[in-house]
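Asker: got a predicted model here, sequence first, then my questions.
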Amino acid sequence: MIIPFILMQSGFIDSYWMTWSEEDWSTHIHAFSAMLWYVLLIMQPYLATHGNIQAHRTWGMIGFFVAGAAVFSAVSFLWQDVYFADIGGFGEPFTADFFYGIVLVELIMMIAFAVAVIMAIVHRKRTDDHALWLISTVFYIMMPGLGRGLEWLMFTFYGPYALLALSICSVLIIVTLILIGWRMKRITHPAILLGIAVNIPTFFVYWLGQQTWYVEWLKGFMKY
């Protein structure tokens with residue numbers, strides 16, 4: 001859990017930490033609620049395996065509140081991507097198609113994240129299932145941070161190929177999920193399968209943004 005946390009924060013150096021003082025309040029709420037969720041995922045297994053079950057349960061209840069904050073803060077400003085798309089984007093590779101498509105990609109991720117947290121609550125007395133659902137949440141929402149980091153590397157050393165960077169990102173996440181499932185001998189567990197499914201739409205982000213029916217629905221649904 002420490003490694004994904006470092007990768008996520010590294011990916012946001014240029015797009016959040018370097019511009020921290022210029023970001024709006026809603027962005028800070030989402031960033032810090034997501035970071036606190038990662039910290040809890042690092043801390044909670046230690047508490048559970050070192051005899052601090054009561055503290056683990058207390059922080060677990062707090063954690064579900066944090067997860068809700070992360071989900072709703074993320075969903076609440078997806079309208080910004082619709083706005084960026086409506087003004088035509090910012091040139092290649094961040095065109096209108098990209099921003100329209102990324103809305104659905106990130107919405108699917110946040111819905112899956114919420115489902116995983118709920119399933120972790122449902123299976124709280126089945127340790128392996130509880131842990132696997134919570135571990136998997138990291139890989140449901142890893143794309144924005146890791147993807148931005150890979151985009152920066154791609155743009156710096158190769159060229160402005162956002163889809164290639166995001167595709168590499170999703171491949172890495174899917175492979176990691178498969179390895180986790182294999183290591184835990186639960187490769188067909190719903191948490192693993194959902195994580196794989198969640199990362200597939202990233203490969204089609206531009207195609208999604210070119211679908212007229214979807215764009216019209218999005219513009220009517222996410223008004224700003």
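Answerer: Perfect, I can see it now.

Asker: could you look up the SS state of the closest residue to residue 12 other than its chain neighbours?
Answerer: Ranked by Cβ to Cβ, 6 or more residues apart in numbering and with sequence neighbours excluded, the top spatial neighbour of residue 12 is residue 145, at 5.5 Å. For glycine as for every other residue, the C-beta is placed from the backbone atoms N, C-alpha and C. In three-state terms, and counting by DSSP: H, G, I helix; E, B strand; the rest coil, residue 145 is helix.

Asker: contacting residues for residue 145?
Answerer: When contacts are counted by Cβ atoms under 8 Å, 6 or more residues apart in numbering, residue 145 touches 7-12.

Asker: can you add secondary structure and distance to residue 87 and give those back as a markdown table?
Answerer: Putting the contacts of residue 145 into a markdown table (DSSP: H, G, I helix; E, B strand; the rest coil; distance: Cβ to Cβ, whole Å) gives the following:
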| residue | secondary structure | distance to residue 87 |
| --- | --- | --- |
| 7 | helix | 31 |
| 8 | helix | 28 |
| 9 | helix | 29 |
| 10 | helix | 29 |
| 11 | helix | 25 |
| 12 | coil | 24 |
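
Asker: which of these scores worst on pLDDT?
Answerer: Among the contacts of residue 145, residue 11 carries the lowest pLDDT, at 70.

Asker: surely that residue meets residue 148?
Answerer: Yes. Contact criterion Cβ atoms under 8 Å: residue 11 and residue 148 qualify, at 4.5 Å.

Asker: returning to what we had before: from residue 224, how far out is the residue nearest to residue 12?
Answerer: For residue 145, the distance to residue 224 (Cβ to Cβ, to the nearest Å) stands at 24 Å.

Asker: for the chain, which helix is longest?
Answerer: In terms of residue count, the longest helix belonging to the chain (DSSP state H) is helix 96-122.

Asker: can you give me the buried ones in that one?
Answerer: By neighbour count on 16 or more other Cβ atoms under 10 Å, the buried set for helix 96-122 is 96-110, 112-117, 119-120.
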